[in-house]
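Asks: sharing a model prediction with you, sequence too.
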Amino acid sequence: MLDFFKKSSGLLGMNARNLEYIRPHNRKRGREIADNKLFCKRVLKKNGLGVPALIAKIRTHEELERFDWTALPASFALKPNRGFGGEGILVVYARKKNNPEAWVKANGDIIAIGDIKNHIRNILDGSFSLSNIPDIAFFEERLTLLKLFKPYTYKGIPDIRVIVFNHVPVMAMLRLPTKASDGKANLQQGAIGVGIDLATGTTTSAILGKGHRIEYAPDTRLALSGIKIPYWKDILRMSVEAQQISGLGFLGADIAIDRERGPVILELNARPGLSIQLANFSGLKKRLERVAGLKIKTVERGVRVGMNLFGGEIEEEIEELSGKRVIGSIEKVKFIGKDGKEIEVEAKIDTGADSTAIDTELAKELGFAETLRIFEEKVAGRDVMTELTKDERTALFSEIPDLVDTIPIKSSHGASYRPMIRIECVIDTLTVPAKVSVIDRAHLEYQAIIGRRHLQKFLIDVNK
Amino acid sequence: MTYHPLIAFFAEQGVPIQTVTLLLMLPIVATLVAFFRQVVGIKAFGIYTPSIITFALLAFDPNGLKYGIAIFVSVILVGMVTRLALKRFRLLYLPRVAITLSIISLAILIILVIGGIYNRTGLAAISIFPLLIMITLAEKFVATQIEKGSRVAFLLAIETLLISIVGYFLVSWDALTALLLSYPWIVLLTFLINFSLGKWTGLRVTEYFRFRKIFRSL
């Protein structure tokens, strides 16, 4: 029982969200930007962030009567300025053939100017705004669906919700419109929420509506995990920038990806919902507490911190399944030499090489200066391979301290031997004892390459 | 029953004891609603509606619960049916609520008459104010239907009824009334409770339920 309460402390509840995050961090100006879509669009655009283009706006009933309907493009989205929860949004896809005064909706219904006017009247009268205050209606460009998302999406456009706190993206989810949500990317209305690994932008677990866990897109065998979201770093960067611009300390940024334009910010949310925790199977409070108080000076830094702190869930899962660690093609490796001397360098993980090799200088620093000096003295400059018999060679090498083996190398000068020493490599916290060859790598980018022989406990992710 | 000197003084000045009791009960009912929201996670329609419904239920006494709940449910059901019927006309907000209110009034009138036919005179004898309170519930209900959808509105209505019923039992609890009249100062305790509720950041009971599936993976 006690354990239960301890675990739940990582979750963000409504009380804590309101009292500890929204109240102190989302001041009036930020909330005004979030609640006023037109204002938000203007502010973001002025600061160079992509938003769906504004086509026209209608503020009053008079403007509605005088509106020039021929100015509208074949497809557009009509929205209430202060709408919430995706209510009151009307999207048309094309003009009806041979009729400039009617459009076609996603479900094939025809909508005439009269219907649109009626809808706008409802918007102006505040039917879709909070506490029914009079509102403004506006037309904006309709975004086009990315091919990648097509099989997962029922009409509408999926969007990505990113929670940003203290300039760090802390959690994200992909929201897919469904039949139940009528093409709207809103969880309350029955859309799908898919958790995202922040480090890689790859989807993890998914929920339908407000909490039902699912693995496949409805009525398909398409797995919802493992979708790699394009422009991932841009999306995180835009979210953090949106936070700096809006001043919303605790922000939920909604970003959609247009087929031509790439990521654009749909809207900013000053009161982001809590279901994102269900989609990610992770607690938001725990994450918020980790980034609170960090000094983040640049957008880049914020993005990097978020990716480092809140990614790797997929890796952990793979590691758990395979019992192997997932490492990248370039990895920080700590070498432990003689007398416990430790040096950490960036090493190339090279599955094309059989054994591991380190640079001469590195070997010297690890305490093998003496070994190398004697080796050079006795071996270098001589063609030991042809001059000496096998036994003579063995005798010669055995006089050299700490030399465990040698490896024949063929080069343009003929064949020669390189010394091998015994050290320990710490790769991703795992210690691997290794016999490594020492070679001059001064002209190469990495001071060490790790070969197949020492990679048996690892899986390599080339994207990392 | 022994009154606190202060209560006795109020009574001497001509304030009916019943009025004093109800006014002292209001902070307690309001605190109850706040507790349900912050700790349990039951939302209801704000704080005013469940409080006022609580007192409306009381006013329906001696058959408070039976008739009160019947009227409440009727209002909600008629409100839902009316919305369905009016949906396709795409009416503006206030005229739509006006029509809904009118239909609910008529429906309640019919219920009272039917009650009369079946000799349920207790129903017809209900004073008009609790009835009006119940009818105005419709506006809250319709507004929520528009903003958050029928399902949420229905859920909130049920939650409102639930809190009101708990409130009803609390207020009609004789021991509590006696306690309040003997020690009216205990009303001040509600300030203390509300202060701590106002700073309460723990998970709500409903959130434990909502997030139950995550606990294992945390």
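Replies: Okay, I see it. Residues are numbered from 1 along each chain as shown, chains lettered A, B, ... in the order given.
Asks: so A:Phe76 makes contact with A:Val92?
Replies: Yes. At 6.1 Å, A:Phe76 counts as touching A:Val92 under the criterion of Cβ atoms under 8 Å. No exception for glycine: its C-beta is placed from N, CA and C like everyone else's.
Asks: so what touches the helix or strand containing A:Ile116?
Replies: Using DSSP states H and E, A:Ile116 maps to helix A:113-124. Helix A:113-124 is contacted from outside by A:58-61, A:64, A:69, A:78, A:80, A:83, A:88, A:90, A:101-103, A:128, A:134-137, B:90, B:92, using Cβ atoms under 8 Å, 6 or more residues apart in numbering or on different chains.
Asks: quick one on the thing from earlier: hey, what's in contact with both of A:Phe76 and A:Val92?
Replies: Counting by Cβ under 8 Å, 6+ apart, the common neighbours of A:Phe76 and A:Val92 are A:Arg142.
Asks: which of those two has more neighbours?
Replies: A:Val92 (24 against 21; other Cβ atoms under 10 Å in any protein chain shown).
Asks: related to what we said a few turns ago, show me what counts as buried in the helix holding A:Ile116.
Replies: A:115-117, A:119-124 (16 or more other Cβ atoms under 10 Å in any protein chain shown).
Asks: try stretch A:86-97
Replies: Buried-residue list, stretch A:86-97, by 16+ other Cβ under 10 Å: A:86-92, A:95.
Asks: same check, this time on stretch B:36-53
Replies: Here stretch B:36-53 shows B:36-39, B:41-45, B:47, B:49-53 as buried, counting by 16+ other Cβ under 10 Å.
Asks: nearest to chain A, of these?
Replies: For the buried residues of stretch B:36-53, the closest approach to chain A (Cβ to the nearest Cβ) belongs to B:Gln38, at 5.9 Å.
Asks: burial count for the residue lying closest to that closest one once chain neighbours are set aside?
Replies: Spatial nearest neighbour of B:Gln38, chain neighbours left out: B:Leu197 (4.8 Å); criterion: Cβ to Cβ, 6 or more residues apart in numbering or on different chains. Counted with other Cβ under 10 Å, residues neighbouring B:Leu197 total 16.
Asks: of the contacts of helix A:113-124, grab the buried ones for ChimeraX.
Replies: Buried subset of the contacts of helix A:113-124, written as a ChimeraX selection, criterion 16+ other Cβ under 10 Å:
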select /A:58,64,78,80,83,88,90,102,103,128,135,136,137
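Asks: which of the contacts of helix A:113-124 fall in strands?
Replies: A:58, A:78, A:80, A:90, A:102-103, A:137 (DSSP state E).
Asks: in the residues you listed, find the pair that's most separated.
Replies: A:Pro80 and A:Ala102 (21.8 Å; Cβ to Cβ).
Asks: assign A:Leu396 to helix, strand or coil.
Replies: On the three-state scheme (DSSP: H, G, I helix; E, B strand; the rest coil), A:Leu396 is labelled helix.
Asks: need the phi and psi values for A:Met173.
Replies: Phi and psi for A:Met173, reported as degrees, to the nearest 10, are phi -150, psi 150.
Asks: look up the closest residue to it, ignoring the ones flanking it.
Replies: A:Ala279 (4.3 Å).
Asks: now do the helix or strand hosting that neighbour: which elements does it pack against?
Replies: Taking DSSP H and E as the criterion, A:Ala279 maps to helix A:276-280. If contacts are counted by 3 or more Cβ pairs under 8 Å, 6 or more residues apart in numbering or on different chains; DSSP states H and E, helix A:276-280 sits against strand A:168-176, strand A:192-197, strand A:202-208, helix B:212-215.
Asks: dump those into JSON lines; add mean pLDDT as well.
Replies: Listed next are the helices and strands packed on helix A:276-280 as JSON lines, based on pLDDT from 0 to 100:
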{"stretch": "strand A:168-176", "mean pLDDT": "95"}
{"stretch": "strand A:192-197", "mean pLDDT": "93"}
{"stretch": "strand A:202-208", "mean pLDDT": "90"}
{"stretch": "helix B:212-215", "mean pLDDT": "80"}
